[in-house]
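>>> structure, please.
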Amino acid sequence: MSFKVLVDSASDIPLDRAIAAGIDIIPMTVTIDGNTYLEGVNLNTQDFYADYRHFKELPKTSQPNPKILLEHYEQYLSLGYDVVAIHLSSGLSSTFATAQIMAESTSAPERVHIIDSLGASFGYGLLAILAQQILTSAANWREAEAAILDLRAKMRYIFTLDTLEYLVKGGRVSKTAGLLGGLLDVKPVLHMTSEGKIEPFAKVRSRRAAIRKLAEVLEQEIDNPGEQIIGISHSACYEEALILAREIRERVVVKDIWISDIGCVVGSHTGPGTLALFYQRKV
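Below you'll find the model as predicted:
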């Protein structure tokens, strides 16, 4: 069997890595001050974060156009592939639910497999890259699906923000969590739950302590670090991403660390200064 892995652009997979893995990225939309853009098509991260604090209102995001989802699925069905579409967490977006509906509308619904990543940003970008490797050697979809879901259960998403203001405004965390993050220069560390939702994880006193906390949690939780590629994504704070990578390497020996930009969809809700870490933990 031949499989084609598709993701939406909230996966934040760098284009060169997506091409190398044979993964197709479906753009999501971002509306900024009344103008709508397609992420990765006519909106890039450099301009987005440079202008972010000057936007009149918080950018709005939406799922990929259902018609575009259907077109992508049909394109690869027509080429003889089974489609494996891994989408942004259902706990954060309606993309997964829409994808399921579109899959049923294709010419071969039994060959379109929709997976809820239960994650965001490069965490499920890594999941997709590893899923492609699983699919290459799997005997059938049932075997591949079981391995991908097992991998999904191990994926860890933990991150720190410069401020909780944007997540609170966008309704991704509670106002209570936002209040806590604003007290006494507290820097929040958050994570994604097994249901794919964002919850507070810890509070520390400084940005440097937050970065150290991310590395500490990884050191405690990571499974077989020497065999893992670790993911770090950031929104306009590349130097701190390098600091986090160095902190990790001082604690554990890993196969590699890949750094990516947090794209405009995810960054619309987190703002500049977000630093996220992704790895497989013991379960």
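>>> what helices and strands are in contact with the strand or helix carrying Glu71?
Assessed by DSSP states H and E, Glu71 sits inside helix 66-78. Helices and strands touching helix 66-78, by 3 or more Cβ pairs under 8 Å, 6 or more residues apart in numbering; DSSP states H and E, are strand 3-8, strand 24-26, strand 82-87, helix 95-104. In short, each C-beta sits where N, CA and C put it, glycine included.
>>> what's the first helix or strand after the lowest-mean-pLDDT helix or strand in the chain?
Taking mean pLDDT, DSSP states H and E as the measure, the chain has helix 175-182 as its least confident helix or strand, at a mean of 52. Downstream of helix 175-182, the first helix or strand assigned by DSSP H and E is strand 187-192.
>>> direction included, what does that next one pair up with?
strand 155-160 (antiparallel), strand 198-204 (antiparallel) (DSSP bridges).
>>> following the last one, which helix or strand comes up?
Along the chain past strand 198-204, the next helix or strand (assigned with DSSP H and E) turns out to be helix 207-221.
>>> swap in the first one?
Scanning forward in sequence from strand 155-160 by DSSP H and E, the next helix or strand is helix 165-169.
>>> low pLDDT regions in the stretch 101-250 of the chain?
Applying pLDDT under 70 to the stretch 101-250 of the chain flags the ranges 170-185.
>>> how about Ile229, nearest residue that isn't a chain neighbour?
Nearest non-adjacent residue to Ile229, counting by Cβ to Cβ, 6 or more residues apart in numbering: Asp256, 4.7 Å away.
>>> same deal with Arg156?
Looking at Arg156 with Cβ to Cβ, 6+ apart, the closest residue is Arg281, at 4.5 Å.
>>> isn't Glu247 right up against Ile211?
Yes. Glu247 lies in contact with Ile211 (Cβ atoms under 8 Å); the separation is 6.4 Å.
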